[in-house]
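Participant: Using only what follows, build the 3D model:
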Amino acid sequence: MNPILRNILAVIAGLILGSAVNMGIIMISGFIIPPPEGADVTTMEGLTASMHLFEPRHFLMPFLAHALGTLIGAYIAALIAISHHFRLAMVVGVFFIVGGIMNVFMLPSPMWFNVTDIALAYIPMAWIGCKLAGK
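Facilitator: Okay, the predicted model is just below:
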């Protein structure tokens, strides 16, 4: 297979699988740490309106979803890529951090969560994912 095509497919696979991990964790998070009483987490509007009810423990699963989704996505991209493993893992990290920054503007999360999430869940996890791939 053409190396350029394989590198492009590596990034696409990383984005898809990383997003699937992210969404899977978000989907099960309510069963592990139930949302606050009276919080509507089924819609973005309901989530925005009930964000003030959330305690710090409610932010653990979203952080893990962002961090593990990025980690797995970068790992897959670095593993599949023919060359430029680090750059392609970072491309996945950049895609995810852009989504994280968009999330900061869409949801009124506490500032401590926004800073922690942006600083630790994306680029550092993409770096670790690349290192774990051994490339």
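Participant: Residue 25 versus the most centrally placed residue in the chain, what's the distance?
Facilitator: In the chain, the residue lying closest to the centroid (CA atoms, centre = their mean) is residue 66, at 2.6 Å. With the distance defined as CB to CB, to the nearest Å, residue 66 ends up 9 Å from residue 25. (Each C-beta comes from the backbone N, C-alpha and C, glycine too.)
Participant: quick one, longest helix in the protein?
Facilitator: Counting residues, the longest helix found in the chain (DSSP state H) is helix 3-32.
Participant: Tell me the helices and strands packed up against that one.
Facilitator: On a contact count with 3 or more CB pairs under 8 Å, 6 or more residues apart in numbering; DSSP states H and E, helix 3-32 meets helix 60-80, helix 85-106.
Participant: buried sites along the least confident helix or strand in the chain by mean pLDDT?
Facilitator: Across the helices and strands of the chain, the lowest-confidence element by mean pLDDT, DSSP states H and E is helix 44-50, at a mean of 88. By neighbour count, with 16 or more other CB atoms under 10 Å as the criterion, the buried positions of helix 44-50 are 47, 50.
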